[in-house]
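Undergrad: Sharing a sequence plus its predicted fold:
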Amino acid sequence: MPTVDVEIRPATLSDFEAMVDLDQASAEHHAAIDPAAWEVPDRAGSADFLRRRQAEDPSRQTLLATVDGRVVGMVEIAIVLTGVAGGALQRIRSADLGIVVLPEWRGQGIGERLMEAAEAWARDHGAERMILDLSAANDGARRFYERLGYEVYGLQMRRSLGGDKGRVE
């Protein structure tokens, strides 16, 4: 249960700067726990990324958590169809999500409230399941999701081949 009074609501255009702040906080968190895969873009890069993602998928929903009018968390949800026609992976209408809560607000039930709202939105939009990705190094997030009933269904693996030759700017 939340330990603070949290409001969950859809994002509006006036929330864009707060959303960029949250995206930056997420990048900082991920870069700290897995610097081989993550980096922190500059603020303009984060803003461009958010604009592109919304333009590419206008059906994507962004819900914000606010406390006393301050945006402290966000969940983004997109309806996707898993698998490909003719492939072995089952084609299931799913909701793919990404979530972030500002570090100073974690542990107060805000993430749980965002997840509940995301799941309700997904059900209302015909999703049969929720899916998400997380870094194997993100132990806290994994414990959080498992506590909410999520289970590991696959793994990705990587091996460095050396240098930065594969990086694209």
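TA: Sure, I can see it. Numbering: from 1, shown residues only.

Undergrad: In contact with the most centrally placed residue in the chain, which residues?
TA: Centroid-nearest residue in the chain, with CA atoms, centre = their mean: G98, separated by 1.2 Å. G98 is in contact with 26, 75-76, 132, counting by CB atoms under 8 Å, 6 or more residues apart in numbering. Every C-beta, even on glycine, is put in place using the N, C-alpha and C of the backbone.

Undergrad: And the residues you listed, which two are furthest apart?
TA: S26 and L132 (12.9 Å; CB to CB).

Undergrad: which residue ranges form the helices in the protein?
TA: Assigned by DSSP state H, the helices in the chain fall at 16-33, 43-56, 110-124, 139-147.

Undergrad: Give me the residues contacting the lowest-mean-pLDDT helix or strand in the chain.
TA: Sorted by mean pLDDT, DSSP states H and E, the helices and strands of the chain end with helix 43-56, the least confident at a mean of 92. In this structure, residues lying in contact with helix 43-56 by CB under 8 Å, 6+ apart are 16, 19-20, 23-24, 27, 41, 60, 76.

Undergrad: Flag every buried residue along that helix.
TA: For helix 43-56, the neighbour count (16 or more other CB atoms under 10 Å) marks 46-47, 50, 54 as buried.

Undergrad: possible to save these as TSV with distance to V4?
TA: Below are the buried residues of helix 43-56 laid out as TSV (distance: CB to CB, whole Å):
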residue	distance to V4
S46	26
A47	28
L50	26
Q54	28
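
Undergrad: Spit out the contact partners of the closest residue in space to L102 that isn't next to it in sequence.
TA: Distances taken as CB to CB, 6 or more residues apart in numbering place V72 nearest to L102, at 5.1 Å, with adjacent residues excluded. If you count contacts by CB under 8 Å, 6+ apart, V72 has them with 6, 65-66, 101-102, 105, 110.

Undergrad: how much space between the nearest residue to H29 once chain neighbours are set aside and L22?
TA: With sequence-adjacent residues excluded and distances taken as CB to CB, 6+ apart, H29 is closest to P103, at 7.1 Å. According to CB to CB, to the nearest Å, P103 stands 11 Å off from L22.

Undergrad: Between the two, point out the one with more neighbours.
TA: Counted by other CB atoms under 10 Å, P103 and L22 do not tie: L22 has more neighbours, with 26 against 10.

Undergrad: Show the average pLDDT along the longest strand seen in the chain.
TA: Assignment by DSSP state E gives strand 70-81 as the longest strand of the chain. Mean pLDDT, computed over strand 70-81, is 96.

Undergrad: So what angle separates the directions of that strand and helix 16-33?
TA: On the basis of axes from the mean of the first three to the mean of the last three CA atoms, to 10 degrees, strand 70-81 is oriented at 80 degrees to helix 16-33.

Undergrad: Since that was my last question, I'll sign off now.
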